[in-house]
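> give the three-dimensional model of this entry:
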Amino acid sequence: MDTKIEKLKNRIKEDKIKYLLVQFVDIHGTAKVKMVPARCVEDIFRDGAGFAGGAVWGMGQGAHSHDLMARVDPDSYTPLPWEPGVARLAADIYVDGEEHPYCPRLNLKRVIAELQEMGYTYIVGIEPEFFIVKRNEDGGITIADDMGVDTLAKPCYDFKGIHQHISFLRELNDIVDHLGWGNYQTDHEDANGQYELNYGHSDALTSADRYTFIKMATSQIAARHGLIATHMAKPFG
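Numbers count the residues shown, from 1 in each chain. Model prediction:
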């Protein structure tokens with residue numbers, strides 16, 4: 001038995017994980033998952049969790065295509081601090097036992113391998129920026145500014161702007177801190193309603209997996225505070 005899967009099984013037991021989210025991203029960078037009982041971890045490591053590729057944007061498949069099989073990477077194991085008993089595992093996509101050319105994660109690994117052959121190590125530091133918004137009665141969105149303080153022409157680093165959502169930001173930071181990713185700064189960014197989270201750099205694959213997880217976390221933690229978090233680069237003009 002592969003030592004990685006044995007170590008993963010031990011961690012799942014230690015963390016009392018009951019369910020695993022097998023995760024990949026579509027062409028939009030949106031997390032796609034299947035929830036799998038933790039007892040099936042060997043199956044999703046060896047064979048993968050099956051997805052109908054024609055139901056997902058940008059995966060190069062139609063309704064007639066054979067299933068995408070998402071094989072999990074044990075190194076990506078990440079418990080969900082906001083949902084005890086659940087953990088995320090990032091996956092590589094295979095079809096009929098072959099690497100799927102439309103899998104973003106496999107393509108990143110290919111580029112990393114090419115750089116390694118040239119003698120380089122690909123290190124990436126990401127500073128995720130996101131907007132905190134709310135839904136209008138007409139279905140549109142606007143910045144979440146119930147206190148009416150986030151109106152400055154240059155709101156970057158503004159105290160009132162960050163303090164308005166400090167409970168949400170504290171909970172998000174607590175999660176990153178709990179995961180040991182080395183969070184060190186958070187601020188109100190240069191646009192109204194925009195915030196930034198800073199944490200440690202890592203190899204490119206780990207950083208990419210962590211950023212996807214951060215997007216997943218911000219959406220769920222924001223909802224618990226009655227907010228919407230969006231990582232769109234510019235949701236407003």
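> what distance do you get for Arg135 to Asn107?
In this structure, Arg135 and Asn107 are 35 Å apart, going by CB to CB, to the nearest Å. In this view, the C-beta of every residue, glycine as well, is placed from N, C-alpha and C.
> could you do His178 as well?
For His178, the distance to Asn107 (CB to CB) stands at 31 Å.
> could I get the buried residue list for the top strand by length along the chain?
Longest strand in the chain by number of residues (criterion: DSSP state E): strand 86-95. Of the residues in strand 86-95, 86-95 count as buried by neighbour count, 16 or more other CB atoms under 10 Å.
> tabulate the residues you listed (a markdown table), appending pLDDT and distance to Phe130.
Formatted as a markdown table, these follow (pLDDT from 0 to 100; distance: CB to CB, whole Å):
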| residue | pLDDT | distance to Phe130 |
| --- | --- | --- |
| Val86 | 98 | 22 |
| Ala87 | 98 | 23 |
| Arg88 | 98 | 19 |
| Leu89 | 98 | 24 |
| Ala90 | 98 | 20 |
| Ala91 | 98 | 24 |
| Asp92 | 98 | 27 |
| Ile93 | 98 | 26 |
| Tyr94 | 98 | 32 |
| Val95 | 97 | 33 |
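> what is the nearest of those residues to Glu42?
Nearest to Glu42 among the buried residues of strand 86-95 is Leu89, at 12.4 Å by CB to CB.
> could you pull out the strands for the protein?
19-25, 31-37, 49-51, 68-72, 78-79, 86-95, 98-99, 123-124, 129-135, 141-143, 185-188, 194-198, 202-203, 228-230.
> what's across from Ala90 in the sheet?
Gln23 (DSSP bridges).
> tell me which residues touch Lys4, please.
By CB atoms under 8 Å, 6 or more residues apart in numbering, the contact set of Lys4 is 74-75.
> just for this structure, where's the confidence low?
1 (pLDDT under 70).
> quick one: the helices in the chain?
3-14, 41-46, 104-117, 159-163, 166-179, 204-224 (DSSP state H).
> go through those helices and pick out the most buried.
helix 204-224 (a mean of 19; mean count of other CB atoms under 10 Å).
> about what we covered before: Throw the buried residues of strand 86-95 into CSV and include distance to Asp146, thanks.
Converted to CSV, the buried residues of strand 86-95 look like this (distance: CB to CB, whole Å):
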residue, distance to Asp146
Val86, 31
Ala87, 35
Arg88, 32
Leu89, 38
Ala90, 36
Ala91, 39
Asp92, 43
Ile93, 42
Tyr94, 47
Val95, 48
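> which of the residues you listed sits closest to Val25?
Closest to Val25 out of the buried residues of strand 86-95 is Ala90 (8.8 Å), distances taken as CB to CB.
> kind regards, and thank you for your time.
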